[in-house]
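In: Sequence and predicted model, in that order:
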Amino acid sequence: MQTSISTDSSLIKGILSGSIPAVSRAISIVEEGGEAGKALLAQVFSKTNGIRILGITGSPGAGKSTLTDKIALELASQGKKVAILAVDPSSPFTGGALLGDRIRMVGSSEKNGIFIRSMASRGALGGLAPRTKEVIYILDAAGFDVVLIETVGVGQGEIEIVRTSDTVLVVLVPGMGDGVQALKAGILEIADVYAINKADYEGVERLEKELYSVLGLVENRIWNPKVQRTVATTGSGIPELMGALQEHWISISSSEELVNRRERFLSQYLQDSTLETISRRVVESPQFKELLSAQVKLLKEKQTDPVSAIAVLSNVITGPSK
Ligand SMILES: Nc1nc2c(ncn2[C@@H]2O[C@H](COP(=O)(O)OP(=O)(O)OP(=O)(O)O)[C@@H](O)[C@H]2O)c(=O)[nH]1
Ligand SMILES: [Mg+2]
């Protein structure tokens, strides 16, 4: 069934003409991580244009979705074709949260022709980062100008996704325990713009000070990260935030940085996907399955140990390590 879907020329046509049902279906196929998705990608890749990718991350409840919604609306009002990818099971974009204000918030984007899609961060076959990259290719081929990717900055997989963005926006909130320290290691290094959201709460100055002192420690930057206070719910600070994001975009696209970033990400994607393909091929091969059950049996009988068993299994394709 999968192969027939992949060669469905009406689906390809639908994607390339930007049809939302076709794009949705294509994303579902790609998300499965199987051969059909790969075939689909192979057919639309030549039509990609280099969609602009904006990653938005931060702690749970920081206001990422509210902010994403506002940014998407601003971009749409500038005539851009915008997509939102929410990689997070707790995101309101999943439709899982039933709070009225969240639904209304999402509605404001959807009514403005913004495509919203959530991706389950668990249960995907293979890695989440390669899947996200492939979904972005579909959106790109479908003619979207910008994709906003919202992820909770808690897991390594999510950081990997944000790392593939052209611009990374990190959302911080005052008065939430450890402030900057609460961020997962690695996020500070990849942030291009910071939004200090919920600036209507107390502790904004303290957080700002703390952030600037941490930023001061990072040397040799081509780009000095911008910091902007926002109140996502009222829209206060949003025009300034848009300005900072645009400034970063101009900075990277007028230098080698954008090309370099994209090359790095492409190479990472190829590496991840190849690794995934190889490991799947290995574990599904009859030779491996046979060896696996033999090793399990030997382990049960205490005739081998796990380290030796893993070495034997690894040698199926790589040969003995030198
Ligand atoms: N007071 C205040 N509330 C805000 C602000 N921004 C967002 N909120 C509220 O904070 C709550 C969480 O906002 P979300 O946009 O869902 O936050 P999130 O970071 O996407 O949350 P998760 O995806 O669940 O991690 C909602 O009730 C928002 O209305 C703000 O600037 N000020
Ligand atoms: Mg959210």
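Out: Looks like it came in fine. Numbering: from 1, shown residues only. Ligands and ions are numbered 1, 2, ... in the order given.
In: Looking at the protein, which residue is nearest ligand 2?
Out: Residue of the chain nearest ligand 2, by Cβ to the ion: residue 65 (3.3 Å). Just so you know, the C-beta spots here come from the backbone N, C-alpha and C atoms, and that holds for glycine as well.
In: How many residues are close by that residue?
Out: By other Cβ atoms under 10 Å, the residues close to residue 65 number 26.
In: what does the one 10 residues further on give?
Out: Using other Cβ under 10 Å, residue 75 is surrounded by 22 other residues.
In: can you map out the strands along the stretch 201-322 of the chain?
Out: Taking DSSP state E, counting those that start in this stretch as the test, the strands found in the stretch 201-322 of the chain are 226-229.
In: Run through it and note the low-pLDDT ranges.
Out: Low-confidence segments of the stretch 201-322 of the chain, defined by pLDDT under 70, are located at 217-220, 317-322.
In: Kindly recompute the last result at 80.
Out: 216-222, 316-322 (pLDDT under 80).
In: Show me which residues of it sit near ligand 2.
Out: Contact residues, the stretch 201-322 of the chain versus ligand 2 (Cβ under 5 Å from the ion): none.
In: Tell me the pLDDT of the residue of the chain closest to ligand 2.
Out: We note a pLDDT of 89 for residue 65 in this prediction.
In: can you pull the buried residues of the helix or strand containing it?
Out: Using DSSP states H and E, residue 65 falls within helix 64-77. Within helix 64-77, the residues that count as buried by 16 or more other Cβ atoms under 10 Å are 64-76.
In: I'd like to know which of those residues is nearest to residue 159.
Out: residue 64 (14.2 Å; Cβ to Cβ).
In: on that earlier part again, hang on, the residue of the chain closest to ligand 2 packs against residue 150?
Out: Yes. At 6.2 Å, residue 65 counts as touching residue 150 under the criterion of Cβ atoms under 8 Å.
In: now for the helix or strand just after the helix holding residue 65, which elements pack on it?
Out: Toward the C-terminus, helix 64-77 is succeeded by strand 82-87 as the next helix or strand (DSSP H and E). Under the contact criterion of 3 or more Cβ pairs under 8 Å, 6 or more residues apart in numbering; DSSP states H and E, strand 82-87 touches helix 64-77, strand 115-119, helix 128-141, strand 146-152.
In: Make CSV out of those and add distance to residue 160.
Out: As requested, the helices and strands packed on strand 82-87 are exported to CSV (distance: least, Cβ to Cβ, whole Å):
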stretch, distance to residue 160
helix 64-77, 17
strand 115-119, 13
helix 128-141, 4
strand 146-152, 9
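In: Looking at these, spot the one closest to ligand 1.
Out: helix 64-77 (3.3 Å; Cβ to the nearest ligand atom).
In: any idea how far that closest one is from the chain center?
Out: Its chain's average C-alpha position is 17 Å from that of helix 64-77, according to Cα atoms, centre = their mean, to the nearest Å.
In: For that helix, name the packing helices and strands.
Out: Going by 3+ Cβ pairs under 8 Å, 6+ apart, helix 64-77 lies up against strand 52-58, strand 82-87, helix 100-110, strand 146-152, strand 167-172, helix 238-253.
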